[in-house]
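Trainee: here is my input; please provide its structure:
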Amino acid sequence: MDWPQITAVLHQIGTPGCECSGILTSFPIASLMVSFLNNVRVKVKEACEEQYLAAVEAWSCPEGMTDRYIAKTGERRYCFVGHWESEEKFVVARPQMSKHLESVRELLDEITPELGITDPVSGPVLIHSILP
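Mentor: Numbering: from 1, shown residues only. As a prediction, this is how the structure comes out:
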């Protein structure tokens with residue numbers, strides 16, 4: 001199975017009438033699932049890192065978010081990663097995420113004039129491997 005075929009199957013999984021269960025069972029990936037990720041890079045103001053991390057930790061995850069991670073990627077720089085059941089759940093949760101951003105906005109520095117205080121990206125998970 002090549003990548004265009006895999007992508008086509010991934011887009012079909014979960015749609016009404018899909019008969020593609022078992023198609024990927026012989027593919028050498030431990031786990032494939034239709035899910036969605038969002039990533040948001042931020043730069044935290046000096047002396048505000050503990051307050052920012054506490055606010056992220058205290059935030060109630062929206063319905064449909066299955067996991068969340070925060071990585072320190074540099075001096076006062078962080079990347080938040082949210083794992084979602086589906087793009088639809090992610091879209092429904094946007095108002096709750098915007099409200100959370102507003103609650104921590106005062107703790108964030110501008111990344112660049114073009115980006116502002118956040119650099120968000122999101123998209124479907126194409127490969128999810130569970131390694132031994």
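Trainee: spatially, what comes nearest to Gly116 if we skip its sequence neighbours?
Mentor: For Gly116, ignoring the flanking residues on the chain, the nearest one in space by C-beta to C-beta, 6 or more residues apart in numbering is Glu110 at 6.2 Å. Quick note: C-beta positions are derived from backbone N, CA and C, even for glycine.
Trainee: for Tyr52, give me its contacts.
Mentor: Tyr52 makes contact with 42, 44, 78, 104, 107-108, according to C-beta atoms under 8 Å, 6 or more residues apart in numbering.
Trainee: could you do Ser122 as well?
Mentor: Applying C-beta under 8 Å, 6+ apart to Ser122 gives the contacts 36-39, 90.
Trainee: kindly report the same for Leu37.
Mentor: Contacts of Leu37 (C-beta under 8 Å, 6+ apart): 81-84, 122-125.
Trainee: count the residues that sit near Val91.
Mentor: Number of residues near Val91 (other C-beta atoms under 10 Å) recorded here: 13.
Trainee: wait, is it part of a helix?
Mentor: Yes. Assessed with DSSP: H, G, I helix; E, B strand; the rest coil, Val91 lies in a helix.
Trainee: how close does it sit to Pro62?
Mentor: Separation of Val91 from Pro62 (C-beta to C-beta, to the nearest Å): 11 Å.
Trainee: and for Arg41?
Mentor: Per C-beta to C-beta, Arg41 is found 20 Å from Pro62.
Trainee: go ahead and measure how far whichever strand or helix holds Phe80 is from the middle of the chain.
Mentor: If you go by DSSP states H and E, Phe80 is part of strand 77-84. Distance of strand 77-84 from the chain centroid (C-alpha atoms, centre = their mean, to the nearest Å) equals 6 Å.
Trainee: backbone phi and psi for the closest residue to His83 other than its chain neighbours, please?
Mentor: Once flanking residues are discounted, His83 sits nearest to Asp67: 4.1 Å by C-beta to C-beta, 6+ apart. When read as degrees, to the nearest 10, the backbone of Asp67 gives phi -150, psi 160.
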